[in-house]
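Asks: Fold the following, please.
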Amino acid sequence: MSQPAKPACPNFSSGPCAKRPGFSPAEAYKDAPFGRSHRAPVGMAKIRESMALTKEILKIPKDYLVAMVPASDTGAVEMMMWQLLGPRGVTVCHWESFGSGWMTDAEKQLKLPKLRSLKGEYGQLPDLGSIDWNDDVVFTYNGTTSGVRVPNTNWIPDNRAGLTICDATSAAFAMDIDWSKIDVLTYSWQKCLGGEGAHGMLVISPRTVERLESFKSNRPMPKIFRLTKNGKLDKSIFNGSVINTPSMTCFEDYLDALKWAKGVGGLDGLIKRSMRNLEVIQKFCASHPWMSFLAKDPATISNTSVCLTISDLDKGQVKTLIALLERNKVAYDIGAYRDAPAGLRIWCGPTVETKDVVALMEWIDYAHDKVKAGTIKKMKIIVTDGLAPAAIKMLQNAGHEVVKKKLSKEELLAGALAEWDAIVIRSATKITAAVLKATAAAPNSKLRLVARAGVGVDNVDLKAASAAGVMVVNSPLSATNSVVELALAHLLSQARQIPRADRAMRQGKWLKNELTGHELAGKNLGFIGFGRIGQGLGRVAKAIGMNIHVYDPFLPQAVVDGFGATRHETPADVFRACTHITIHAFLSPQTKNMVNTDLIGLMPGVAPDGTKCGNHIVNCGRGGIIDEVAAAAALKAGKLTSLALDVFEKEPCGQTPLLEAERFQGTPHIGASTIEAQNRVGAEIANAVLAALDGAPPPGNLVNKDVQPKFAAPKARM
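Replies: Presented below is the predicted three-dimensional model:
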């Protein structure tokens, strides 16, 4: 079976849900009253228009009231439970996670004395015929996490004594609701209309108004729950006023969705769209016996949050299938809810196009066969040098086994990597030719990928990796900003002698007259290497008035011209021209100890403006490019005014002679050590690992492009 076409929109999340077809923020929000008060005439008009359209489309009776309330559907349900429950017994009907949450509220928070729990297991409704209708009844119309809905409301008597409080968040606008059976109904914009979150909707009957005005609860009532004033319903809330400040952008979004809903035939048209989507999955299940609905009774199958089980895959295989769909941008967020049985949850509400559901099911069929056949396999990944927890979670969610474990040099040389499909490293672990040879020689060696969480790969023998069929990927983009900022910090610190000033103050010395620094503006800054990080620093340096000089034999001239930089043919030419040098090259035989006594001796010490600012070098690139012994001697002799290193030939650097120099400032390889960079590095390398293990590493991450991966032919993974 060939790979099917993908859905045009992969958004099948059960909340927030897909935006309406053709949605464009520019078009939808063109009349939004940005910066205006919700109490202004324009704001009130928008709110009233949305409430009127809500009543029209949902066919709400004239004597029912509609309002927007805070805190999404959750806030709407709880505000009514807090204000209405108490004078009668209460039955909470629940058969999935959110309904069970209302039971917890009633039992643990409200501590209702006359409380009955009517529970159904996942996939089943409870015995609704056993309800005592002298009770108030709380229920969920459609179980978003179980895919089980009430087929109708015929089980609710017209002559009931109690009130019905209905959480309809994934039913409103997709299911036909008999309003004579409902006293309170709640929902949120983010479900069937694909709106934005945080705002709840409340619909109440005349019977509910009567209870609000007659029942005086002695429980504390937060302001955002209060619907009455002086014992009477605050009708302003149902006439354009709101309890607290809403987002007018979200209101505009809701209005846009309502107008679209009216345009597709109102409630009847919305229900037809959702039912068509469900029918696609029903036909698929009928012809694929390995997939079935979680709902046991066909009459209770939801047409919005469709929950499915896969009988011939285990839980890990289901996770692998879901991750594969997401990686291939076929479907996002379709895993079963965390409390539900393992399986799929596919949103089929009105904003989802039927053709996309068709394409999704074809892909699920295709992916299922691959997973079942074992061509999509669980991989073993070892992380030796640390990785952001979120990145590890990404790899695990894709169905892979991930282990954090240090490996010694001796273990690596003994072939310890042979049992792993992939290794994720930083700079500490060295993947040498000898390590790769030992790995390949081990029985049943599996290693196929080395992933460097960072830019530099000089701790990996690329030639040996390619010969062994082992791909090497890195994360070249994620740490750029962090390294740029550190290099800039070192430049500024050198210019103003900040480390020396700090040490003196700690010793009780006030060296104000001895610590005269210089400005960076007007000085020549020379770059040895002008890639992403160099260019990032170049933009900042240019902004503060420095002159950019570049040595990079691989750089297109257009980049140099774009910076208005001066290009040099040799590193020596850069050193002759610049009082400030920053290193951004890779370590290679050609760059090893390149910055030596001779190059340092070429630096002018005097800026173009005549300032005797001295000579200053920063290296936040790779250790070993600067001859540290020569640099220490130059500092001692005064030929080099200051040196700032974040990287060293040997790390940890130990007792280097550099530490004896007053104008040396060092940091322990922390260029990428920011919260933001670590999160980005982790996400980038995790995605690169997943893609590489699927047989198609992103071109921007594959380092040894000449490699013929072990598993590339035949292609074992997608």
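Asks: can you tell me how far T140 sits from R149?
Replies: 9 Å (CB to CB, to the nearest Å). The C-beta positions use only the backbone N, C-alpha and C, and glycine is treated the same way.
Asks: In terms of neighbours, single out the busier of these two.
Replies: T140 (29 against 26; other CB atoms under 10 Å).
Asks: Correct me if wrong: the more buried one contacts S100.
Replies: No: shown here, T140 and S100 do not form a contact pair, counting by CB atoms under 8 Å, at 9.5 Å.
Asks: list the residues that contact both of those two?
Replies: Both T140 and S100 are in contact with H94, where contact means CB atoms under 8 Å, 6 or more residues apart in numbering.
Asks: Could you pull up the mean pLDDT of stretch 398-418?
Replies: Mean pLDDT, stretch 398-418: 94.
Asks: Just the buried positions in that stretch, please.
Replies: 398-400, 402, 407, 412, 415-418 (16 or more other CB atoms under 10 Å).
Asks: How about stretch 380-394?
Replies: Residues of stretch 380-394 classed as buried: 380-385, 387-388, 391-392, 394 (neighbour count, 16+ other CB under 10 Å).
Asks: distance between the ends of that stretch?
Replies: Terminal residues of stretch 380-394 lie 14 Å apart, using CA to CA, to the nearest Å.
Asks: ok, back up a step: inside helices: which ones of the buried residues of stretch 398-418?
Replies: Among the buried residues of stretch 398-418, DSSP state H puts L412 in helices.
Asks: Export the buried residues of stretch 398-418 to a markdown table and append columns for distance to T570.
Replies: Shown next, in a markdown table, are these (distance: CB to CB, whole Å):
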| residue | distance to T570 |
| --- | --- |
| A398 | 47 |
| G399 | 52 |
| H400 | 47 |
| V402 | 46 |
| L407 | 41 |
| L412 | 38 |
| G415 | 44 |
| A416 | 44 |
| L417 | 41 |
| A418 | 45 |
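Asks: Please enumerate the strands of the stretch 51-200 of the chain.
Replies: For the stretch 51-200 of the chain, applying DSSP state E, counting those that start in this stretch gives strands covering 65-70, 90-94, 115-119, 136-140, 142-143, 148-149, 164-167, 184-188, 199-204.
Asks: The host helix or strand of A691: how far from the chain's middle?
Replies: In this assignment (DSSP states H and E), A691 forms part of helix 675-693. Relative to the chain's own centre, helix 675-693 is displaced by 12 Å; criterion: CA atoms, centre = their mean, to the nearest Å.
Asks: Equivalent analysis for stretch 354-366, please.
Replies: Computed by CA atoms, centre = their mean, the chain-centroid distance of stretch 354-366 equals 25 Å.
Asks: got the buried residues for it?
Replies: Per 16+ other CB under 10 Å, stretch 354-366 contains these buried residues: 354, 356-366.
Asks: G621: which of the residues you listed is nearest?
Replies: Nearest to G621, judged by CB to CB, of those is W363 at 43.7 Å.
Asks: Nearest residue to that closest one in space, please, no chain neighbours.
Replies: V330 (4.7 Å; CB to CB, 6 or more residues apart in numbering).
Asks: can you tell me how far that neighbour sits from R160?
Replies: For V330 relative to R160 (CB to CB), the value is 46 Å.
Asks: The two: which is more packed in?
Replies: More crowded of V330 and R160, by other CB under 10 Å: V330, with 24 against 18.
Asks: On the three-state scheme, the more buried one is what?
Replies: In three-state terms, and counting by DSSP: H, G, I helix; E, B strand; the rest coil, V330 is coil.
Asks: residues in contact with it?
Replies: Contacts of V330 (CB under 8 Å, 6+ apart): 6-7, 10, 359-360, 363, 367.
Asks: Could you rerun that using 10 Å?
Replies: The contact partners of V330, by CB atoms under 10 Å, 6 or more residues apart in numbering, come to 3-7, 10, 12, 324, 356, 359-360, 362-364, 366-367.
Asks: Quick check on it: phi, psi?
Replies: The phi/psi pair for V330 (degrees, to the nearest 10) reads phi -90, psi -40.
Asks: Also V357?
Replies: Main-chain torsions, V357, degrees, to the nearest 10: phi -70, psi -40.
Asks: Surely it is in contact with N303?
Replies: No: in this structure V357 lies outside contact range of N303 using CB atoms under 10 Å: 11.5 Å.
Asks: so what sits against both of these two?
Replies: In contact with both V357 and N303: 276-279, 281, 348, using CB under 10 Å, 6+ apart.
Asks: which two in those are spaced the farthest apart?
Replies: R276 and I281 (10.5 Å).
Asks: Got a PyMOL select line for the buried ones in the shared contacts of V357 and N303?
Replies: The buried subset of the shared contacts of V357 and N303, as determined by 16+ other CB under 10 Å, is captured in PyMOL by this line:
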select buried, resi 276+277+278+281+348
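Asks: Scan this structure for its longest helix.
Replies: Max-length helix for the chain by DSSP H is helix 266-287.
Asks: Can I get that one in PDB? Just the C-alpha atoms.
Replies: Output of helix 266-287 as PDB, limited to C-alpha atoms (Å, rounded to 0.1, in the frame of the first residue of the first chain):
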ATOM      1  CA  GLY A 266     -27.700  26.700  11.200                       C
ATOM      2  CA  LEU A 267     -28.000  23.900  13.700                       C
ATOM      3  CA  ASP A 268     -29.400  21.400  11.100                       C
ATOM      4  CA  GLY A 269     -26.500  22.100   8.800                       C
ATOM      5  CA  LEU A 270     -24.000  21.800  11.600                       C
ATOM      6  CA  ILE A 271     -25.400  18.500  12.700                       C
ATOM      7  CA  LYS A 272     -25.300  17.100   9.200                       C
ATOM      8  CA  ARG A 273     -21.600  18.100   8.800                       C
ATOM      9  CA  SER A 274     -20.700  16.300  12.000                       C
ATOM     10  CA  MET A 275     -22.800  13.200  11.200                       C
ATOM     11  CA  ARG A 276     -21.100  13.000   7.800                       C
ATOM     12  CA  ASN A 277     -17.800  12.800   9.500                       C
ATOM     13  CA  LEU A 278     -19.000  10.100  11.900                       C
ATOM     14  CA  GLU A 279     -20.300   8.100   9.000                       C
ATOM     15  CA  VAL A 280     -16.800   8.000   7.500                       C
ATOM     16  CA  ILE A 281     -15.500   6.300  10.600                       C
ATOM     17  CA  GLN A 282     -18.500   4.000  11.000                       C
ATOM     18  CA  LYS A 283     -17.900   2.700   7.500                       C
ATOM     19  CA  PHE A 284     -14.200   2.300   8.300                       C
ATOM     20  CA  CYS A 285     -14.900   0.300  11.400                       C
ATOM     21  CA  ALA A 286     -17.400  -1.900   9.500                       C
ATOM     22  CA  SER A 287     -14.700  -2.900   7.100                       C
END
